[in-house]
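**Q** below are the sequence and a predicted model; questions follow.
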Amino acid sequence: MNPYTPPPQFASQSPQSAGDDWDVNFDEVEAIESNLIPNGKYRMMLEKVSQERVKNGDNAGKPMLKCQFTVTDEKQHGRKVFMNFAPHVYYQVGLIKGLATATKTPIQNGSFYSTVLSLIGKEFMATIGVAKNNDPSHSDQNTITAFKPLPVSQYQPQPAPQQTYPVQPQEPIRTGETAFDANGKPIFKATDGRWYYS
């Protein structure tokens with residue numbers, strides 16, 4: 001009897017007997033020794049923001065924002081980094097300013113929450129590191145230490161605005177037939193069959 005119960009999305013693929021197994025090619029993946037994103041630079045975006053209150057310490061009860069960032073690079077695509085930002089912590093306000101600068105987003109003084117909300121969905125380059133935790137009851141976690149603009153080659157090109165030019169009336173084409181109007185001014189007949197002043 002197989003003691004393993006797969007998650008529901010894999011239930012239909014569950015081995016029915018000791019001889020059954022899933023078809024996986026381990027040569028196609030790298031060995032992962034940690035569930036953390038490796039240190040490095042990644043293309044990312046801010047995905048979610050929620051308002052919270054600091055729960056412990058000297059700043060207990062003060063406002064903060066819980067932010068969820070998502071890697072949009074191919075290799076670590078979809079991986080998440082969670083960070084908190086508080087308007088009363090100078091370094092964290094500086095990181096938000098760095099993110100706004102990297103995404104070319106206008107900053108609104110006195111409007112911390114609105115500024116952060118305006119950053120949702122905008123891509124940037126992030127330097128990801130690992131914050132070591134000395135408390136054995138808490139694990140190490142990823143953190144973003146720098147925000148930079150995307151390299152020019154990674155910007156999605158925006159189509160150039162279409163310029164419209166006023167339509168110039170086309171000069172009538174003369175047929176060679178000429179005449180004079182009732183006041184004696186010269187007129188000519190065009191290929192469209194109408195008469196025009198010269």
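**A** Arrived safely. Residues are numbered from 1 along each chain as shown.
**Q** please enumerate the helices of the protein.
**A** Here the chain has its helices, by DSSP state H, at 90-102, 112-117.
**Q** the longest one - contacts with which helices or strands?
**A** Spelled out, that is helix 90-102. Counting contacts by 3 or more C-beta pairs under 8 Å, 6 or more residues apart in numbering; DSSP states H and E, helix 90-102 packs against strand 80-85, helix 112-117, strand 123-131, strand 141-148. Any C-beta I mention is one placed from the backbone N, CA and C, and that applies to glycine too.
**Q** ok, residues contacting that helix?
**A** If you take C-beta atoms under 8 Å, 6 or more residues apart in numbering as the criterion, helix 90-102 is touched by 46, 84-87, 105-107, 112, 115-116, 118-119, 124-125, 144, 146-149.
**Q** try stretch 174-194
**A** By C-beta under 8 Å, 6+ apart, the list of residues contacting stretch 174-194 reads 172, 173, 195, 196, 197, 198.
**Q** how does it look with 10 Å?
**A** Contacts to stretch 174-194, defined as C-beta atoms under 10 Å, 6 or more residues apart in numbering, come from residues 170, 171, 172, 173, 195, 196, 197, 198.
**Q** over to stretch 105-118?
**A** Contacts for stretch 105-118 (C-beta under 10 Å, 6+ apart): 46, 49, 51, 63, 65, 67, 85-88, 92-93, 96-97, 99-101, 103, 119, 122, 124.
**Q** I only care about those that end up buried; give me the ChimeraX line for that.
**A** Only the buried entries of the contacts of stretch 105-118 go into this ChimeraX selection, using 16 or more other C-beta atoms under 10 Å:
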select :46,65,67,85,86,87,92,96,99,100,103,119,122,124
